[in-house]
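> Fold the following, please.
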Amino acid sequence: MAALTTASQFYFASPLRPMPILPPAPHKVLVTCANGYVAMWVIPVLLEQGYSVRGTMRSEEKTTRLQEYFEEYGARAEWVVVEI
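Sure thing, here's the model as predicted:
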């Protein structure tokens, strides 16, 4: 069995090797835990680039807050409550 040798064998984001570019819009992107810290940074970027976003969360009250926050994007931002 071959041993893993260096971190350079793995793909990671850096100024020298940026993350891959998403396919051109219009695509719909699913963002889980849409009310979370990381999602609140990612969702605006996706919407600004022309993507539609379907965000999931676990409570109806959080959906209302996100609808108000992203109302300028209209139907391109939709929110779904999921049950676990």
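> Name the helix or strand of this protein that has the lowest mean pLDDT.
In the chain, no helix or strand scores lower on mean pLDDT, DSSP states H and E than helix 60-69, which sits at a mean of 88.
> Kindly export that helix (C-alpha atoms) in CSV.
This file holds the C-alpha atoms of helix 60-69, laid out as CSV (Å, rounded to 0.1, in the frame of the first residue of the first chain):
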residue,chain,number,x,y,z
GLU,A,60,-40.0,28.1,10.3
GLU,A,61,-39.1,31.2,12.2
LYS,A,62,-35.6,31.2,10.7
THR,A,63,-37.1,31.0,7.2
THR,A,64,-39.0,34.3,7.8
ARG,A,65,-35.8,36.0,8.8
LEU,A,66,-33.9,34.8,5.7
GLN,A,67,-36.8,35.8,3.4
GLU,A,68,-36.6,39.3,4.8
TYR,A,69,-32.8,39.4,4.6
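> How about the helix or strand following that helix, which residues are buried there?
Next helix or strand after helix 60-69 toward the C-terminus (DSSP states H and E): strand 77-81. Within strand 77-81, the residues scored as buried using 16 or more other Cβ atoms under 10 Å are 77-79. C-betas here are computed from N, CA, C, even on glycine.
> re earlier: which strands and helices lie in contact with the least confident helix or strand of the chain?
With contacts taken as 3 or more Cβ pairs under 8 Å, 6 or more residues apart in numbering; DSSP states H and E, helix 60-69 sits against strand 52-57, strand 77-81.
> Got the confidence number for Leu4?
The model reports Leu4 with a pLDDT of 43.
> for Leu47, same thing?
At Leu47, the model reports a pLDDT of 92.
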